[in-house]
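Chemist: Fold the stuff below for me.
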Amino acid sequence: MRSAVEAAGGFVQHESVITEIRYHALSVRLPVKAVERLLAGERDLQLIQLENIQFLRASGQMIARCPTSKPEALPDYFKTESRPPSSVEPFVALIDGLPLEQHQVLAGRLRVDDPDDVGGYYPAELRRHGTAMASLIIWGDLHRPGDALDQPLYVRPILRPFHQPVSNDEIPKERVADDALIVDLIHRAVVRIFEGEGNQPPAAPSVKVINLSIGIDDRPFLQSLSPLARLLDWLAWKYQVLFIVSAGNVKEAIPLDQPWGDIASQPLEDIQRTALQAIAADTRNRRLLSPAETINGLTVAATHHDEGQLVEWPYWLDPAPAGFPSPYNRHGPGYRRALKPDLLAPGGRAVLRKPVLESEQSLKIVDHPNAPGQCVAAPGARSGDLNATTKMLGTSNATALMSRAAALLIPILNELRASASDGAALPQDVPDALWIKALLVHRARWGSAGAHYQHLFETPENKQQLKSQLGRFLGCGLVDSDPLRECTTTRVTALSGGSLSAEAGALHRFPLPPSLSGKQGWRSLAVTLAWFSPIHTLSERWRRAHLWFKSPDSKLKIGSKEQLERSGADWQAVQRGTLQHEVFEGEKVSAFVEGDAIIVHVSCREDAKPLSGSIPYALAITLEVDPSIGEIYAEVRDRIQIRERVAVNS
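Modeler: Take a look at the predicted model:
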């Protein structure tokens, strides 16, 4: 390949080889004439003739954009909030742009690791995306901030400013350097976290979650896994770390199949329905951005929600009901039709601009200082301003909030380990990243958005395939993060897990409260199974391990009024990745009873052969009942004694 580059008049800037994912790439510079010949498809150019070159692409692969809305000052509250002691280790890593370290919201809360001296290229006024993501992870939406994380946030900056904005209306861009290979850059960053670099020790080996709120703009997912997604899958398995990845945003206008004048006078609900249908029809242009198709990571899209006040303008249009999927989301499915995105979280409300001309046939997302969004830390209007905020929206935000939720779960897992008796202790062979992966998705539900979408898109022809089609918009569902960290008297969650080798299985028993016996009333059973799979680079199947659980009773009659009904995503789609999340709801629980317990049978099989060793997995089960049935938590707690996982043949 080097000789072909030289023959075209170019030279190699950088070369990267990662044998574990069969990755070999060159960063090269070519003269303009050679690029023109490439684009023209001239067959005499050696670069085109080389069969072992899979694809060519322009540099600047990974780009982040941030708004330039007018900054607003913060209250003094953030100055007095206690900061993590220097002895506390980080649980979450942010690979992104360089944050404004001394910002009032972030000071004393970051551990920035900048071995490439990215800071030397980053004027303070352009440190936008990393500042915003760090702000969301540490505090949440600053319109209504939560408690700050009690651990520092590890930050590895990999982006650089693209150029100096020429006007206040231009959105600053931050991107990977022209001569860098993004796969190599992230590989080095992650290895440095867990193994160190050169003679240096590991930078942050306590990290359990890595936040990637950036995607490759010109690499929408088609059918094959991108090199970056392949890398994340391998790294997740090797280091047992959870990557939380954004699905990507759509910047283009929503195309309508009719002139604006035909619908302008309709009620808002009808216009919203038209907009949702137009977004669904445009799915081919809204595919996930690399590396969102990762099978071991969690992919996050956004809901139409933030904690701010919506300022109404006569030429703005609210595109969806609150909490529904956002109009800027990119959609699944993932690799081999796996369910993607995995979940949806608040990403900031977007508003659409009503067309000026009745003949226009598109709706554009408003980019305006007064537009809604989540409140985040930002560089100030003047150099030295360290208490400014701005509003921002996107799947990047939703991803950062899920990383925040993950960080808040770690102390709870540690508390469970410290307080549990021998029989109720968390299995030692299950890494924290898997508990987090299972628990983040465990409270995901389709809810009212699912019912609305089903009503909107169901036809006699697609009734059987509808859930599979809706999964690309809704994933496992919209996350309600509040119940993630605690049970109530009417909702009890049990955690279990272990390790399985190929063709093995285990039974997990969830004791049922006696008070349920003979009582009618709504109840819900949620079961979530999470694991990381080793990969097979030469197989299209890719994942070596397929774990799954059967419905808690194999004779369940879906649709029967007397049994619990499956709610949410298609049961086949949820078994194509490394996460199976299913929710059953109804008036009776008898379909799940074997004696006095819910029985969940977890199995493991080879997918891409061969599979050696054992695969750790985490299992979460929640039973929730209507308050009219009575309190169940104490009954379940008292009946949980020493629980044994019984190995069986799959």
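Chemist: in the stretch 301-450 of the chain, which spans are helices?
Modeler: Secondary structure of the stretch 301-450 of the chain (DSSP state H, counting those that start in this stretch): helices located at 395-419, 432-442, 447-457.
Chemist: Tell me which of these sits most buried.
Modeler: Compared across the helices of the stretch 301-450 of the chain, helix 432-442 shows the largest average neighbour count, a mean of 26 (mean count of other C-beta atoms under 10 Å). The C-beta positions use only the backbone N, C-alpha and C, and glycine is treated the same way.
Chemist: Tell me which other helices or strands it touches.
Modeler: Under the contact definition 3 or more C-beta pairs under 8 Å, 6 or more residues apart in numbering; DSSP states H and E, helix 432-442 sits against strand 242-246, strand 298-303, helix 395-419, strand 491-500, strand 523-531, strand 579-586, strand 615-625.
Chemist: how far off strand 491-500 does the longest one point, in degrees?
Modeler: Direction vectors for helix 395-419 and strand 491-500, defined by axes from the mean of the first three to the mean of the last three C-alpha atoms, to 10 degrees, enclose an angle of 90 degrees.
Chemist: what packs against helix 395-419?
Modeler: Counting by 3+ C-beta pairs under 8 Å, 6+ apart, helix 395-419 packs on strand 92-96, helix 129-139, strand 209-212, strand 242-246, strand 298-303, strand 343-346, helix 432-442.
Chemist: Let me know the secondary structure of the nearest residue to residue 21 once chain neighbours are set aside.
Modeler: Nearest in space to residue 21, with sequence neighbours left out and distances taken as C-beta to C-beta, 6 or more residues apart in numbering, is residue 230 at 4.5 Å. Following DSSP: H, G, I helix; E, B strand; the rest coil, residue 230 is assigned to helix.
Chemist: So which residues of the stretch 551-650 of the chain form helices?
Modeler: 633-639.
Chemist: For residue 444, grab the count of nearby residues.
Modeler: Using other C-beta atoms under 10 Å, residue 444 has 24 other residues around it.
Chemist: give the contact list for the closest residue to it other than its chain neighbours.
Modeler: Nearest non-adjacent residue to residue 444, counting by C-beta to C-beta, 6+ apart: residue 477, 3.6 Å away. Listed by C-beta atoms under 8 Å, 6 or more residues apart in numbering, the contact set of residue 477 reads 343, 344, 444, 445, 446, 447, 450, 568, 569, 581, 583.
Chemist: Which members of these are the farthest-apart pair?
Modeler: For the contacts of residue 477, the farthest-apart pair by C-beta to C-beta is 344 and 583; their separation is 14.8 Å.
Chemist: On the pLDDT front, check residue 27 for me.
Modeler: Looking at residue 27, its pLDDT is 82.
Chemist: what about it, distance to residue 447?
Modeler: Per C-beta to C-beta, to the nearest Å, residue 27 is found 46 Å from residue 447.
Chemist: got the contact list for the residue nearest to residue 21?
Modeler: With C-beta under 8 Å, 6+ apart, residue 230 has these contacts: 21, 23, 535, 537.
Chemist: If I look at the first one, what pLDDT would I see?
Modeler: For residue 21, the pLDDT comes out at 95.
Chemist: my guess is it contacts residue 534, does it?
Modeler: No. Between residue 21 and residue 534 there is no contact, the gap being 11.9 Å when judged by C-beta atoms under 8 Å.
Chemist: on that earlier part again, which ones among the contacts of residue 230 are found in strands?
Modeler: residue 23 (DSSP state E).
Chemist: Next up, phi/psi of residue 393, please.
Modeler: Backbone geometry at residue 393, expressed as degrees, to the nearest 10, gives phi -140, psi 160.
Chemist: cool, and residue 19?
Modeler: Backbone torsions for residue 19, taken as degrees, to the nearest 10, come to phi -70, psi -30.
Chemist: Let me know how buried it is, in neighbour terms.
Modeler: Residue 19 has 8 nearby residues by other C-beta under 10 Å.
Chemist: CSV please, covering the helices and strands packed on helix 395-419 and showing distance to residue 596 and mean pLDDT.
Modeler: Shown next, in CSV, are those (distance: least, C-beta to C-beta, whole Å; pLDDT from 0 to 100):
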stretch, distance to residue 596, mean pLDDT
strand 92-96, 40, 98
helix 129-139, 43, 97
strand 209-212, 37, 98
strand 242-246, 35, 98
strand 298-303, 34, 98
strand 343-346, 33, 96
helix 432-442, 23, 96
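Chemist: Compare these and give me the one nearest residue 276.
Modeler: Taking the helices and strands packed on helix 395-419 one by one with C-beta to C-beta, strand 298-303 is closest: 13.6 Å.
Chemist: Tell me how far the closest one lies from the chain's centre.
Modeler: 4 Å (C-alpha atoms, centre = their mean, to the nearest Å).
Chemist: if we can go back for a sec, what about the contacts of residue 230, which one has the most neighbours?
Modeler: residue 535 (24 neighbours).
Chemist: Please identify which of the contacts of residue 230 is nearest to residue 543.
Modeler: For these, the nearest to residue 543 is residue 535 (6.5 Å; C-beta to C-beta).
Chemist: The closest one pairs with what?
Modeler: Beta-bridge partners for residue 535, by DSSP bridges, are residue 543.
Chemist: so it makes contact with residue 542?
Modeler: Yes. Taking contacts as C-beta under 8 Å, residue 535 lies within contact range of residue 542: 5.8 Å.
Chemist: Need the residues touching each of the two.
Modeler: The contact lists of residue 535 and residue 542 share 233, 608, where a contact means C-beta under 8 Å, 6+ apart.
Chemist: tell me the domain boundaries of this protein?
Modeler: Annotated domains of the chain cover 2-56, 63-405, 420-443+484-649 [automatic domain parsing].
Chemist: could these be laid out in TSV, adding distance to residue 411?
Modeler: Converted to TSV, the domains of the chain look like this (distance: least, C-beta to C-beta, whole Å):
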stretch	distance to residue 411
domain 2-56	33
domain 63-405	7
domain 420-443+484-649	9
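Chemist: Nearest to residue 473 among those would be which one?
Modeler: Closest among these, using C-beta to C-beta: domain 63-405, at 5.3 Å.
Chemist: What distance do you get for residue 214 to residue 265?
Modeler: From residue 214 to residue 265 the distance is 41 Å (C-beta to C-beta).
Chemist: Give me the more crowded residue out of those two.
Modeler: Higher neighbour count among residue 214 and residue 265: residue 214, with 30 against 8, using other C-beta under 10 Å.
Chemist: mind checking how far the more buried one is from residue 320?
Modeler: 25 Å.
Chemist: Torsion angles phi and psi at the residue nearest to residue 444?
Modeler: The phi/psi pair for residue 477 (degrees, to the nearest 10) is phi 140, psi -180.
Chemist: Local confidence estimate at it?
Modeler: Here, the pLDDT recorded for residue 477 equals 95.
Chemist: and what of residue 55?
Modeler: What the model reports for residue 55 is a pLDDT of 69.
Chemist: circling back: the helices and strands packed on helix 432-442: which one's closest to residue 177?
Modeler: Here helix 395-419 is closest among the helices and strands packed on helix 432-442 (C-beta to C-beta), at 19.9 Å.
Chemist: and that closest one with strand 92-96, angle?
Modeler: 160 degrees.
Chemist: Run the chain-centre distance for helix 395-419.
Modeler: Between the centre of helix 395-419 and the centre of its host chain there is 14 Å, according to C-alpha atoms, centre = their mean.
Chemist: where does the stretch 251-400 of the chain have low pLDDT?
Modeler: Applying pLDDT under 70 to the stretch 251-400 of the chain flags no residue at all.
Chemist: show me where it has strands.
Modeler: 254-255, 298-303, 316-317, 343-346, 352-353, 362-365, 374-378, 388-392 (DSSP state E, counting those that start in this stretch).
Chemist: other SSEs contacting the first one?
Modeler: The one in question is strand 254-255. Checking 3+ C-beta pairs under 8 Å, 6+ apart, strand 254-255 ends up next to helix 268-281, strand 362-365.
Chemist: Let me know which of those is the nearest to residue 627.
Modeler: helix 268-281 (31.6 Å).
Chemist: what does that closest one rub up against?
Modeler: 254-257, 263, 266, 286, 317-321, 327, 352, 363, 453, 456-457, 473.
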